[in-house]
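> Just to be clear, the model below is a prediction. Sequence and coordinates:
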Amino acid sequence: AQSVTQPDIHITVSEGASLELRCNYSYGATPYLFWYVQSPGQGLQLLLKYFSGDTLVQGIKGFEAEFKRSQSSFNLRKPSVHWSDAAEYFCAVGERGGGFKTIFGAGTRLFVKA
Amino acid sequence: DAGVIQSPRHEVTEMGQEVTLRCKPISGHNSLFWYRQTMMRGLELLIYFNNNVPIDDSGMPEDRFSAKMPNASFSTLKIQPSEPRDSAVYFCASTQGQNYGYTFGSGTRLTVV
């Protein structure tokens, strides 16, 4: 069964600084990989996704993520964080073929300081 | 498109009462998912449907929980009887295919007192 690990429960960065959120997954093959963002009181919003091809994927709001098969990782990055990026971020892994089940990590809460 | 619509946004009920949560997926999306979010357990998949048919309900915690999808535009999650430990935010999500990712509703915050 697939699983997702987000090692950091929370991270604090200064506005304008770069950001990297870590995600490791366990799956028998190359899974579908996603990053979602959740603002307080809201549902989750898809930031970006990876299925195949170029291992560096671009998403909305200036985010990008890199799939590294050798490390079973899919880390999320942003070169310059804005105060509005403060939210909770979820990495997720989805099954390939047949089922549409997606398993979410525990989330990383991002705090942005001025 | 109005997105995935969930109702009510907030529900406060007494222990033992029946609770029904509702979801309208995005038109054209053929898969629908119910998730529960708590601080302790994070996001848990409860059940999902493909083309209105329940595919996997292994995440439904107990027989007190049931879900239906009578047509492509409506689904319900029912808890009967409700208990305080059911207090959580319940999300509905839909998708037109795994490679599209999910679109989530705004959730229903359930409080059972």
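Noted; the coordinates are in hand. Fair warning: this is a prediction, and the values are worked out from it, not measured in the lab.
> quick check, the lowest-mean-pLDDT helix or strand in chain A touching chain B?
Here the helix or strand of chain A ranked lowest by mean pLDDT, DSSP states H and E is strand A:102-104, holding a mean of 89. Yes. Legend: contact between strand A:102-104 and chain B by Cβ under 8 Å from any Cβ of the partner chain is shown at A:102-104. (C-beta placed from N, C-alpha, C; glycine too.)
> Kindly report the same for stretch A:60-77.
No. Stretch A:60-77 lies out of reach of chain B by Cβ under 8 Å from any Cβ, never closer than 11.4 Å.
> show me what contacts the residue in chain B positioned nearest to chain A?
Nearest residue of chain B to chain A (Cβ to the nearest Cβ) works out as residue B:104 at 3.4 Å. By Cβ atoms under 8 Å, 6 or more residues apart in numbering or on different chains, the contact set of residue B:104 is A:36, A:43-45, B:4, B:91-93.
> go on, residue A:22?
So residue A:22 contacts A:6-8, A:73, A:75, A:108 (Cβ under 8 Å, 6+ apart).
> With residue B:24 instead?
Taking Cβ under 8 Å, 6+ apart as the criterion, residue B:24 is in contact with B:4-6, B:73-75.
> Spell out which two among those are the most distant pair, please.
Spatially, the most separated pair among the contacts of residue B:24 is B:6 and B:73, at 13.3 Å (Cβ to Cβ).
> Low-confidence stretches in the chain?
Using chain A. A:97-99 (pLDDT under 70).
> The chain in question should be chain B.
In the predicted model of chain B, residues B:1 satisfy pLDDT under 70.
> For it, which residues are neighbours of chain A?
Residues of chain B found near chain A (Cβ under 8 Å from any Cβ) are B:4, B:31, B:33, B:35, B:42-43, B:45, B:48, B:50, B:55-56, B:91, B:93, B:95, B:97-99, B:101-107.
> Any idea which residue of chain A lies closest to chain B?
residue A:43 (3.4 Å).
> returning to that earlier point: just the buried ones out of the residues of chain B next to chain A, please.
When the residues of chain B next to chain A are checked for burial by 16 or more other Cβ atoms under 10 Å in any protein chain shown, the buried set is B:4, B:31, B:33, B:35, B:43, B:45, B:48, B:50, B:55-56, B:91, B:93, B:95, B:98, B:101-107.
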